[in-house]
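Student: Just to be clear, the model below is a prediction. Sequence and coordinates:
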Amino acid sequence: MSEEMKPKTGTCAFCGQSIFVNPIGEVTQAELDSMATDKCMCPEAQSERRKKERKAKIEAYINKHFNERIGKFVREAIAMVEDFEVDKISINYDSKTLTIWLDSDSWLHLKIQHREDDELKV
């Protein structure tokens, strides 16, 4: 087994547990520690993984539904809701309404409603 293929030890940033990881190529100790933290099953590491996954899902949703300018505004609105600065935010744009809120179980909701007015002006 080559030196690059041997398991190396990293340390969880939260609980300090040493964990074997299998890096590919040359990595720093900080990278080994990050990999170990990602593998660790302590509650704090699990919570951090959930936060990262949540952030990635939010980013994917924003990138899918909004242009860069509105996306930046939506990120700021989400931060305000998550920080409990406001209970709910509604944003009207392009005949749509985006509503952002946290429910009682701390789930973040982003709901887009399409408004289609059937109006004839002659």
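Tutor: Received the coordinates, thanks. These numbers come from a predicted model, not from an experiment.
Student: Tell me where the chain has helices.
Tutor: Using DSSP state H, the helices of the chain run over 29-39, 43-65, 68-82.
Student: now, of those helices, which is deepest in the fold?
Tutor: Mean neighbours per residue, mean count of other C-beta atoms under 10 Å, is largest over these for helix 29-39, with a mean of 17. The C-beta positions use only the backbone N, C-alpha and C, and glycine is treated the same way.
Student: hang on, the earlier thing: I'd like the helices of the chain as JSON lines, with distance to Glu116 appended.
Tutor: Listed next are those as JSON lines, based on distance: least, C-beta to C-beta, whole Å:
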{"stretch": "helix 29-39", "distance to Glu116": "45"}
{"stretch": "helix 43-65", "distance to Glu116": "17"}
{"stretch": "helix 68-82", "distance to Glu116": "20"}
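Student: For the ones you listed, give me a markdown table that also has distance to Leu108 and mean pLDDT.
Tutor: Shown next, in a markdown table, are the helices of the chain (distance: least, C-beta to C-beta, whole Å; pLDDT from 0 to 100):
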| stretch | distance to Leu108 | mean pLDDT |
| --- | --- | --- |
| helix 29-39 | 23 | 96 |
| helix 43-65 | 7 | 94 |
| helix 68-82 | 7 | 96 |
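Student: Let me know which of those is the nearest to Lys111.
Tutor: Nearest of the helices of the chain to Lys111, taken as C-beta to C-beta: helix 43-65 at 11.1 Å.
Student: List the contacts of that closest one.
Tutor: Outside helix 43-65, the residues that touch it by C-beta atoms under 8 Å, 6 or more residues apart in numbering are 12-15, 37-38, 71, 74-75, 78, 108, 110, 112.
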